[in-house]
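Q: sequence first, then the predicted structure, then my questions.
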Amino acid sequence: MIGVKEVEEPKKQIPLVGTLKAMMVVGKHLFQKPVTVQYPEVRPEIPDRFKFRISLSLDDCVGCTLCEQVCPNLSIHMNKVERENQRNKRKIYPDVNFGTCTVCRNCEEICPTDAIYLTHEFETARTRNSFTYSPEELSMPEEEVIK
Amino acid sequence: MNVLTHIAQFFSPLGHYISYILAYLFETIFFIAFVMVVLVMMIYLFRKYMARLQLRIGPNRVGKFGLLQLIADSLKLVGKESILPRKRDDFPYKVAPVVVFLGLVLALALLPYGDFFYIGSLTITHSGVSVILLFAAIAIMPVGELLAGVSSSNKYAVMGALRGVAKDVSFEIPMMISVLALVMMASGRTSSPLNLESLVSTQYIPYGIPEVIGLFVFFIAMIARASYSPFDMGESDSELVSGHSTEYTGMRFGLFYMGMFGSIFLGSMMVSLLYLGGYNGPFSSDAGFVYLLIKTMILVVISFTIWLSLPRIRIDKFVNMGWKYLLPISVINLIIAGFLTLGVGLL
């Protein structure tokens, strides 16, 4: 026999008690600290595993084009840079378009020599139309890049 | 001594008539400035308070602590293009925001403000029947809202206006009955109970203590009068776009907005005058206005907390509440007031 369970009706509350409870809950928030971070003046604390800006060490890059091949949205292209490097005979280095980069970190993982890696910097806003960082710009720290 | 005589004394070298004409003019200017300062302060306070309750910071960029934000906002509103609906009923459409604002200013002009140090009495109107005048002035504001809703020929605006009327009808009778109880109580002690000043000055014990029910009914009525959440059926912004003010832009909308905040202030001031003792207190001949302002601001903060914490109730539920609960409660309150006046006599 299938047991039928009667659904109990909820108890009727005394009027206004719920209202006062709601007001108490809202009023308590007055004494908590605001969560807003006033960004340009106050910097938020960045978590340790947060990565954004791609950097490149030109001496380590061997020009294997693996990063270009693995990039899912074709943000990386290889560029010719006139530079003496015994390990990079073809003299090709990656550039990165941050306009389309989704920070998937595939390039960092695939790089055989750890030449391409991600850093904590995230302020890559530019006044120019192009979001592409040339290999030289990738090798510089963010502050030195002319934006 | 009050403001008028002070200003007239200042202009007295110009002769009796001219000095009084100038005094009336300057008193009006001072009063309008006071109303504007109050409105700006209320909106600033609301925005800051709402931000803090939502764990935000609120306006803090324009001026120190964002104090000039409201001036910037009102300048923006004035500078905005006024977009008028094509099928509007022109005269009522344009006059409606002014009617709302006028009702607010009139009602504020009728309140007694108490004394403030060497300025003396700040009360503007000295009328024998200022209670009746006050409630007549308050009744002007819904007329403006109805005009706005009907004349802008928009279905949301009409719905908002109709809801607003249903709301007004259901709370105004309990409100008037609870005020009647007050007048009854005051009539035991003074010969002119319809005068707000004498009604306030008879509160040796604030009327809110023997008439807790009346205070409750009147405060609910004042919340509904200012039409903010939970009783903002007139402009329920998730159902009707913005209720009666849907078709308004620029400063015309700003007048509706300021009228709403002004009526919160007005309602808090009326509750504190009628039920919480108003400007009575130690040294009230010097600092009466300060007492009144403190009581008002506490009530304003309570009103804001109610606004920010409660959801809107359905219109039929509110009408039910008005007729089935508030009206009987206010009649019971009237009976209690009668017993207190005749039976106890002292209270």
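A: Nice, thanks for sending it over.
Q: give me the nearest residue to the residue in the stretch 201-347 of chain B that chain A sits nearest to, chain neighbours excluded.
A: When distances are taken as C-beta to the nearest C-beta, the stretch 201-347 of chain B reaches nearest to chain A at residue B:309, 3.7 Å away. In short, each C-beta sits where N, CA and C put it, glycine included. Of all residues not flanking residue B:309 in the chain, residue A:26 sits nearest, at 3.7 Å (C-beta to C-beta, 6 or more residues apart in numbering or on different chains).
Q: just the pLDDT for the residue of the stretch 201-347 of chain B closest to chain A.
A: You'll see residue B:309 listed with a pLDDT of 88.
Q: okay, now it: neighbour count?
A: 20 (other C-beta atoms under 10 Å in any protein chain shown).
Q: go on, residue A:44?
A: Neighbour number of residue A:44 under other C-beta under 10 Å is 8.
Q: tell me the secondary structure for it?
A: coil (DSSP: H, G, I helix; E, B strand; the rest coil).
Q: what about the spatially most central residue of chain A, distance to residue A:98?
A: Nearest to the mean C-alpha position of chain A, by C-alpha atoms, centre = their mean, lies residue A:52 at 4.2 Å. In this view, residue A:52 and residue A:98 are 9 Å apart by C-beta to C-beta, to the nearest Å.
Q: near chain B, which residues of chain A? Just list them.
A: A:19, A:22-23, A:25-27, A:29-30, A:32-36, A:38 (C-beta under 8 Å from any C-beta of the partner chain).
Q: quick check: neighbours shared by residue A:52 and residue A:98?
A: Shared contacts of residue A:52 and residue A:98, defined by C-beta atoms under 8 Å, 6 or more residues apart in numbering or on different chains, comprise residue A:124.
Q: now the strands for the stretch 101-250 of chain B?
A: Per DSSP state E, counting those that start in this stretch, the stretch 101-250 of chain B carries strands over the ranges B:115-116, B:120-121.
Q: kindly report the same for chain A.
A: A:54-56, A:76-80, A:92-97, A:116-118, A:132-133 (DSSP state E).
Q: let me have these in JSON lines, extended by mean pLDDT, mean neighbour count and distance to residue B:225.
A: Below are these laid out as JSON lines (pLDDT from 0 to 100; neighbours: other C-beta atoms under 10 Å in any protein chain shown; distance: least, C-beta to C-beta, whole Å):
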{"stretch": "strand A:54-56", "mean pLDDT": "89", "mean neighbour count": "23", "distance to residue B:225": "61"}
{"stretch": "strand A:76-80", "mean pLDDT": "89", "mean neighbour count": "16", "distance to residue B:225": "65"}
{"stretch": "strand A:92-97", "mean pLDDT": "89", "mean neighbour count": "22", "distance to residue B:225": "59"}
{"stretch": "strand A:116-118", "mean pLDDT": "89", "mean neighbour count": "18", "distance to residue B:225": "60"}
{"stretch": "strand A:132-133", "mean pLDDT": "86", "mean neighbour count": "22", "distance to residue B:225": "61"}
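Q: out of these, nearest to residue B:168?
A: strand A:92-97 (61.3 Å; C-beta to C-beta).
Q: where do the helices sit along chain A?
A: A:17-28, A:66-70, A:106-110, A:135-139 (DSSP state H).
Q: CA atoms only for the longest one, dumped as CSV, please.
A: Output in CSV follows, covering the C-alpha atoms of helix A:17-28 (Å, rounded to 0.1, in the frame of the first residue of the first chain):
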residue,chain,number,x,y,z
VAL,A,17,7.2,39.7,13.0
GLY,A,18,8.6,38.8,9.6
THR,A,19,8.7,42.4,8.6
LEU,A,20,10.7,43.4,11.7
LYS,A,21,13.1,40.4,11.1
ALA,A,22,13.7,41.6,7.6
MET,A,23,14.4,45.1,8.8
MET,A,24,16.8,43.7,11.4
VAL,A,25,18.7,41.7,8.8
VAL,A,26,19.0,44.6,6.4
GLY,A,27,19.9,47.0,9.2
LYS,A,28,22.8,44.8,10.4
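Q: need the pLDDT of the residue of chain A found nearest chain B.
A: Closest residue of chain A to chain B, C-beta to the nearest C-beta: residue A:26 (3.7 Å). As predicted, residue A:26 sits at a pLDDT of 88.
Q: my understanding was that it contacts residue B:307; is that so?
A: No - if you go by C-beta atoms under 8 Å, residue A:26 and residue B:307 don't touch, sitting 9.9 Å apart.
Q: tell me who's in contact with the residue nearest to residue A:74 when sequence neighbours are not counted.
A: Closest residue to residue A:74 apart from its sequence neighbours, by C-beta to C-beta, 6+ apart: residue A:100 at 7.3 Å. Shown in contact with residue A:100 (C-beta under 8 Å, 6+ apart): A:73-75, A:131.
Q: can you select the buried ones from those in PyMOL?
A: Buried members of the contacts of residue A:100 can be picked out in PyMOL with the line below, counting by 16 or more other C-beta atoms under 10 Å in any protein chain shown:
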select buried, chain A and resi 75
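Q: of the contacts of residue A:100, which one scores lowest on pLDDT?
A: The minimum pLDDT among these falls on residue A:131, with 82.
Q: counting neighbours, what do you get for residue A:135?
A: 19.
Q: gap between the closest residue to it other than its chain neighbours and residue B:219?
A: Closest residue to residue A:135 apart from its sequence neighbours, by C-beta to C-beta, 6+ apart: residue A:93 at 3.6 Å. Residue A:93 sits 73 Å away from residue B:219, going by C-beta to C-beta.
Q: how about the residues of the stretch 51-200 of chain B near chain A?
A: B:51-57.
Q: count of neighbours near the residue nearest to residue B:106 when sequence neighbours are not counted?
A: Spatial nearest neighbour of residue B:106, excluding adjacent residues (C-beta to C-beta, 6+ apart): residue B:137 at 4.1 Å. Using other C-beta under 10 Å, residue B:137 has 21 other residues around it.
Q: which regions of chain A lie under the pLDDT threshold?
A: Within chain A, the stretches with pLDDT under 70 are A:1, A:147.
Q: tell me the contacts of the closest residue to residue A:68 other than its chain neighbours?
A: Spatially, and ignoring its direct neighbours in sequence, residue A:68 is nearest to residue A:76 (4.8 Å; C-beta to C-beta, 6+ apart). Counting by C-beta under 8 Å, 6+ apart, residue A:76 touches A:67-68, A:94-97, A:107.
Q: who does residue A:76 form a beta bridge with?
A: residue A:96 (DSSP bridges).
Q: for the one 4 residues further on, same thing?
A: Taking DSSP bridges, one finds residue A:92 as the beta-bridge partners of residue A:80.
Q: pretty sure it is touching residue A:88, no?
A: No - between residue A:80 and residue A:88 there is no contact under C-beta under 8 Å: 10.8 Å.
Q: what is the burial count for the residue lying closest to residue B:55 once chain neighbours are set aside?
A: Excluding its sequence neighbours, the residue lying closest to residue B:55 (C-beta to C-beta, 6+ apart) is residue A:35, at 4.8 Å. Per other C-beta under 10 Å, the neighbour tally for residue A:35 reads 9.
Q: which phi and psi does residue A:35 have?
A: Phi and psi for residue A:35, reported as degrees, to the nearest 10, are phi -90, psi 0.
Q: ok, now residue A:85?
A: phi -150, psi 120.
Q: and the worst-scoring helix or strand of chain B on mean pLDDT, what does it pack against?
A: Within chain B, no helix or strand scores below strand B:120-121, which has a mean of 73 by mean pLDDT, DSSP states H and E. Judged by 3 or more C-beta pairs under 8 Å, 6 or more residues apart in numbering or on different chains; DSSP states H and E, strand B:120-121 is in contact with helix B:3-10.
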